[in-house]
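Asks: Give the three-dimensional model of this entry:
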Amino acid sequence: MNPPPIFDLWVFLKAKPLLWLVLTLGAWVMARRLQDAAAGAAWANPVAGASVLLGSVLWLTNTPYEEFFAGAQFVHFLLGPTTIALGVTIIEHGAAVRRQLIPVVGALLVGVSVSVGCTWVLCHLVGLPADITMSLLPKSATAPVAMSVSESIGGIPSISMCAVLLTGVTGAVIVTPLFNLCRFGNWNARGFAAGLTAHGIGTARAYQVSNEVGVYAALALALAALVQGIVLPLML
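Replies: This is a model prediction of the structure:
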């Protein structure tokens, strides 16, 4: 029996890298609509929603990741420039940031040390192989930095990317309820914590609260990426 025409059309489109770029952007738009319908609820994180939608499409169509990435790489390329562009808002609020330089540096050093140290200890407690441990150590850095650091210290960049995604989505979902539960009301510190632990996804969530909160999240993201990008390869 001949396959239906729609099947032939899918086979044709599936071979075009542009298809996966369009589906990636479409999944993001749908996930954002879902978040808007949920009144901006933290659990309706658009990154998580888009990932589930795309993952379902790849699974149902039995599409290899390499084939998907051939089209989605155009979005991936923008991660680096977007991270650098966050520096514009940091410069605009430079005076306020400089007045809090000491607590910012202190929080940065403590946060990075706790993140990397706890990951290393937990990996050794459960007996993970060295390459998996190295892949997980930079999980709180933004994706381009984490993948680069992972490769330089003997990790597996694809595993690092998954860890970064899970860390970011989890952090962005729980950061607001957790701080509310703890009655922690300093919004700038909340933003800094979100960017420090949940990198770009946490920073995007912080910008949804306010521009100033997002600036502190972007500052934490940039500084944490810088510290981990320099220190981890030198240490390991």
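Asks: Show me where the protein has its helices.
Replies: Assignment of helices within the chain using DSSP state H yields the ranges 5-14, 17-37, 46-61, 65-77, 79-92, 94-99, 101-125, 130-136, 143-152, 157-181, 187-209, 211-235.
Asks: Tell me, how many residues neighbour the residue nearest to residue 172 when sequence neighbours are not counted?
Replies: Spatial nearest neighbour of residue 172, chain neighbours left out: residue 205 (4.2 Å); criterion: CB to CB, 6 or more residues apart in numbering. No exception for glycine: its C-beta is placed from N, CA and C like everyone else's. Neighbour count of residue 205, defined by other CB atoms under 10 Å: 28.
Asks: isn't residue 205 right up against residue 45?
Replies: Yes - with contact defined as CB atoms under 8 Å, residue 205 reaches residue 45; the gap is 7.4 Å.
Asks: residues shared between the contacts of the two?
Replies: In terms of CB atoms under 8 Å, 6 or more residues apart in numbering, residue 205 and residue 45 are both contacted by the residues residue 172.
Asks: out of the helices of the chain, deepest packed?
Replies: Most buried of the helices of the chain, by mean neighbour count (mean count of other CB atoms under 10 Å): helix 187-209, with a mean of 25.
Asks: How is this structure divided into domains?
Replies: Segmentation of the chain into domains, based on automatic domain parsing, reads 1-77, 79-236.
Asks: Least confident of these, on average?
Replies: Mean pLDDT is lowest for domain 1-77 among these, at a mean of 75.
Asks: Tell me how far that one lies from the chain's centre.
Replies: Here domain 1-77 is found 18 Å from its chain centre; the criterion is CA atoms, centre = their mean, to the nearest Å.
Asks: For the remainder of this discussion, apply numbering that starts at 59.
Replies: Will do, 59 is the new start, and the previous item becomes domain 59-135.
Asks: Now do the nearest residue to residue 271 once chain neighbours are set aside against residue 146, distance only.
Replies: Distance criterion CB to CB, 6+ apart; nearest residue to residue 271, sequence neighbours excluded, is residue 249 at 3.7 Å. Residue 249 sits 16 Å away from residue 146, going by CB to CB, to the nearest Å.
Asks: just residue 84 next, same as before
Replies: Distance of residue 84 to residue 146, given as CB to CB: 28 Å.
Asks: go on, residue 244?
Replies: Using CB to CB, residue 244 is found at 24 Å from residue 146.
Asks: One more: residue 223?
Replies: Distance, residue 223 to residue 146, by CB to CB: 25 Å.
Asks: Was I right to think residue 266 contacts residue 100?
Replies: No - in this structure, residue 266 is not within contact of residue 100 by CB under 8 Å, at 9.5 Å.
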